[in-house]
Structure formats: structure tokens, C-alpha cells
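Enquirer: with the input below, show me the fold.
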Amino acid sequence: MKRSKRYATAAEKITSGGPHDLDEAIGLIKTSASAKFDESVEVAFRIGIDPKRSDQQLRGTVVLPHGTGRTVKILVLAKGEKVTEAEAAGADHVGSDEFIEKIKGGWLGFDTAIATPDMMKDVGKLGKILGPRGLMPNPKSGTVTFDVAKAVNDAKAGKIEYRTDKTANLHVAIGKASFEAGQIRENLIELTREIIRVKPAAAKGHFLKKVTMSTTMGPGVELSVQSLTDAVKQ
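Expert: Numbering: from 1, shown residues only. All right, here's what the predicted structure looks like:
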């Protein structure tokens, strides 16, 4: 793939030094965003856990102070008064059996699915469709709940789900390249604070082994873990 001169310049700065301190890394990230669209800012953590052990897996949610910059389309699967509650909260699609049938037919016009517990008997049948796409409602992520208004508001406010993969990496989007540097910084610090908070008791040695940031089309920027953890403690 042919890279732009801006990309090459940014990549040269990135590879010539590093790991970079937090503010320098964010500056390089913004400089490397050369696409014609507003690129996402993504962060990847290499976590010091044994992903084969169930008691060392990380999974949860966190609300980023400045959101992700994405317009999130929300589907709420509910019945009765919860339909009215979800609609009042601003859900994009609300219903029950009709949406379950649409999903079975291939429709996936949403970014987040929320379901009330009484719907899960039928929603569970969608596991093979929604699971691989990260769209399956789950109590651990707060998307299986009777408090649908809070779930919708959290999703629209910038609530994201994080989860370590089979290689002990954790990868999420934390904003857009158009964000102010301070907004990216605060989002990253909040996410890092949450990851440190849920550190498994069984994890030994260095917990945050490596942290890399990038934009959708830009090169990876390795952060100084010390710089990042110092910022979290401030």
C-alpha cells in the first residue's frame, strides 16, 4: 500500500524514538491522521495475564468522559412499559419479536443491543449471529437489564466494552482524531484507570506490559507505560 508523505514523516518520528511519553504520543497520533475522514483513535494494551485461566480474563465496561465520537445506533429488545421507557431515552429501534425475526433474516442496523431479562430466552437464540460480532446483550456489560433508560443513556454517553482476547491483548477505540489532545488524554486515562482497577488478584509480574496507540490509517505509537500510569495516579 502506498503511504502518504505525511504518514511517512509521522512514522519516521515514531520509530526514531520511544516509547513516547503520554502527551508526545498523543501529538504524534494526531499528526499521523492523514485520511480524508475523521479517523478513530485506538489503543491496544498488552496485559500481563494468562488468558487461558478464567480468573485472569478482563471484561467490563467504562464510560469515557468525552465519548467515542461515534453516533451509536441502539436497539432495545423489550415489551410492555419498557418499550415506552426505551423510546423516551432515545433508543433508535425498540421492539421484541419483530426485531428478533429481522436479525434472523440478516438485519444488523445497530451498534449496541440492549435486552430486558425477560427477553433473553428468545434473544439467546441469536447468539450465533450476534456473539461473533460483539453485539450479544450481556449482564456483565450492563446490556441485559430492566433499567433500559440508564443502559440507553450510558451507551449514548460513550460507554464502551473492553475484553482481553486469547493472546492477552485488549484493543478498543477511545475517540476520534478530531478530538482535542486533552480529550484523548482524559479518555485514555479513564480507560487505563479502569483496567488497573480490575486487575485480577492472580495476575503476577508486570500487569501493563505494553501500550500502543494508533489512528485508523496511521502507524502505531508505543507509549511509555510509566508515563501513562503516572498520569493515572495524578
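
Enquirer: ok, now how distant is the closest residue to residue 138 other than its chain neighbours from residue 156?
Expert: Nearest non-adjacent residue to residue 138, counting by Cβ to Cβ, 6 or more residues apart in numbering: residue 144, 6.1 Å away. C-beta coordinates here come from the backbone N, C-alpha and C atoms, glycine included. Here the distance between residue 144 and residue 156 works out to 18 Å (Cβ to Cβ, to the nearest Å).

Enquirer: ramachandran coordinates for the residue nearest to residue 138?
Expert: phi -120, psi 100 (degrees, to the nearest 10).

Enquirer: show residues contacting the longest helix along the chain.
Expert: Longest helix in the chain, counting residues (DSSP state H): helix 181-197. Applying Cβ atoms under 8 Å, 6 or more residues apart in numbering, the contact partners of helix 181-197 are 22-23, 26-27, 29-30, 41, 43, 45, 47, 58, 60, 62-66, 160, 162, 170, 172, 174-175, 179, 207-208, 211, 213, 228-229, 231-232.

Enquirer: distance from the chain centre to that helix, please.
Expert: Here the centre of helix 181-197 is set off from its chain's centre by 12 Å, with Cα atoms, centre = their mean, to the nearest Å.

Enquirer: so how many other residues sit close to the closest residue to residue 205 other than its chain neighbours?
Expert: Distance criterion Cβ to Cβ, 6+ apart; nearest residue to residue 205, sequence neighbours excluded, is residue 48 at 5.3 Å. For residue 48, the neighbour count with other Cβ atoms under 10 Å is 17.

Enquirer: and if you look at residue 104?
Expert: Neighbours around residue 104, by other Cβ under 10 Å: 11.

Enquirer: distance-wise, check it relative to residue 84.
Expert: Separation of residue 104 from residue 84 (Cβ to Cβ) stands at 25 Å.

Enquirer: also residue 229?
Expert: Counting by Cβ to Cβ, the gap from residue 229 to residue 84 is 45 Å.

Enquirer: cool, residue 100 as well?
Expert: 19 Å.

Enquirer: between these two, who's got more neighbours?
Expert: residue 100 (17 against 12).

Enquirer: nearest residue to the more buried one other than its sequence neighbours?
Expert: In space, residue 100 is closest to residue 122, 5.6 Å off (Cβ to Cβ, 6+ apart).

Enquirer: hmm, that neighbour is touching residue 101, no?
Expert: No: with contact defined as Cβ atoms under 8 Å, residue 122 does not reach residue 101; the gap is 10.0 Å.

Enquirer: got any residues that touch both of these two?
Expert: By Cβ under 8 Å, 6+ apart, residue 122 and residue 101 have no common neighbours.

Enquirer: hmm, back to that, for the very next helix or strand once past the longest helix of the chain, buried residues please.
Expert: Toward the C-terminus, helix 181-197 is succeeded by strand 208-215 as the next helix or strand (DSSP states H and E). Going by neighbour count (16 or more other Cβ atoms under 10 Å), the buried part of strand 208-215 is 208, 211-215.
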